[in-house]
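Peer 1: sequence isn't available, so here's the structure alone:
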């Protein structure tokens, strides 16, 4: 896959493979929704794009957290991503805080962003409304997200509905910075997720499956053993209609189960009872998770650490060049050169 872009370092059009960035926040265990909505597209994209996968630990600091648990989530997520098929020879995998250029560029971009722009972000208004002790980082993290994207001269960013506004802010900041200080940043575009990217909670099928509530029966973790998967699926909310139909409004629970089955198997199903549907979903999900869990057990923490260190080292030259270019454009450094 190629596109024509402008290289900010030379200002000349160049034909290049698309550079694609995906971030994952380590605030809990990765789950089935992550596999179908984020990891699968990454696996498909890493063969024909320059793919970067970042574990966004700095973004996990915007809310109250346990430091030791945060480190555990980072290590577990990296190991799961590799077990699921992320190829470190094709995809740069690293931890955000291992690349200090993220925070360096964050400050430069804050200096080109208005307070009102950050305050208008929907997630800040929702999470900060009426809460005591709201952290300043909750206000400014969309600017850090912009730094994450722009640091790598990223062409494309996969985005769901909840992140579209943040990508638009990144595009706005990049365009403004380029207009004021010279062509520094590649202005990224968003890529909408495909079919089966939105997996809903089994117990609250109108809400997305999430990773922050570890005890939730509505979330299927990628490391959940088969008996736990079975227990969660068999307790999934359906309805009293008694008909296996695909209708998100009238039958959200049944529809969610059908879409999970279809995403895992590629088959429509043809179930005539809720019991048969749930049994089919159990078998389909367990079949998806078994090879990931087997590969996870075979990976050693030392192997994972080596991959992350190598990823940060490979990402560093471009990140350093982008930060230097942005700093000089805005008026820093460059003396006597």
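Peer 2: Ah, there it is. Note that this is a predicted model, so its numbers are computed, not measured.
Peer 1: for stretch 294-304, which positions count as buried?
Peer 2: Neighbour-count burial for stretch 294-304 flags 296, 304 (criterion: 16 or more other CB atoms under 10 Å). All C-beta atoms are positioned from the backbone trio N, CA, C, and that covers glycine.
Peer 1: avg pLDDT for that stretch?
Peer 2: Mean pLDDT, stretch 294-304: 98.
Peer 1: got the contact list for it?
Peer 2: Stretch 294-304 is touched from outside by 75, 78-80, 82-84, 223, with contacts defined as CB atoms under 8 Å, 6 or more residues apart in numbering.
Peer 1: run the chain-centre distance for it.
Peer 2: Centroid displacement of stretch 294-304 relative to its chain, using CA atoms, centre = their mean, to the nearest Å, is 22 Å.
Peer 1: now do the SS call for residue 53.
Peer 2: strand (DSSP: H, G, I helix; E, B strand; the rest coil).
Peer 1: actually residue 138, sorry about that
Peer 2: helix.
Peer 1: which of the contacts of stretch 294-304 sit farthest apart?
Peer 2: Farthest-apart pair in the contacts of stretch 294-304 is 75 and 84; separation 15.1 Å (CB to CB).
Peer 1: circling back: list just the nearest of the contacts of stretch 294-304 to residue 106.
Peer 2: residue 78 (22.4 Å).
Peer 1: could I get the pLDDT score of that closest one?
Peer 2: pLDDT for residue 78: 98.
Peer 1: cool, residue 7 as well?
Peer 2: You'll see residue 7 listed with a pLDDT of 47.
Peer 1: next: residue 191.
Peer 2: Note for residue 191: predicted pLDDT of 85.
Peer 1: and if you look at residue 37?
Peer 2: Taking residue 37 on its own, its pLDDT is 89.
Peer 1: ok, it touching residue 198?
Peer 2: Yes - here residue 37 lies in contact with residue 198, judged by CB atoms under 8 Å, at a distance of 6.5 Å.
Peer 1: what is the neighbour count of residue 63?
Peer 2: 15 (other CB atoms under 10 Å).
Peer 1: neighbour count winner among residue 75 and residue 84?
Peer 2: Remark: of residue 75 and residue 84, residue 84 carries more neighbours, 22 against 17, as counted by other CB under 10 Å.
Peer 1: where's that one relative to residue 31, distance?
Peer 2: 12 Å (CB to CB, to the nearest Å).
Peer 1: anything in contact with each of these two?
Peer 2: Common neighbours of residue 84 and residue 31 (CB under 8 Å, 6+ apart) are residue 222.
Peer 1: picking up where we left off before, report the set of residues contacting both of residue 37 and residue 198.
Peer 2: By CB under 8 Å, 6+ apart, the residues touching both residue 37 and residue 198 are residue 160.
Peer 1: so residue 190 belongs to a strand, correct?
Peer 2: Yes - according to three-state DSSP, residue 190 belongs to a strand.
Peer 1: would you list every one of the helices in the stretch 51-200 of the chain?
Peer 2: Ranges of helices in the stretch 51-200 of the chain, per DSSP state H, counting those that start in this stretch, are 67-84, 101-110, 115-119, 122-128, 136-151, 164-181.
Peer 1: figure out how far the longest helix seen in the chain is from the centre of its chain.
Peer 2: For the chain, the helix that runs over the most residues, judged by DSSP state H, is helix 301-330. Distance, stretch centre to chain centre, for helix 301-330: 19 Å (CA atoms, centre = their mean).
Peer 1: got the angle for it vs helix 101-110?
Peer 2: Calculated by axes from the mean of the first three to the mean of the last three CA atoms, to 10 degrees, helix 301-330 forms an angle of 30 degrees with helix 101-110.
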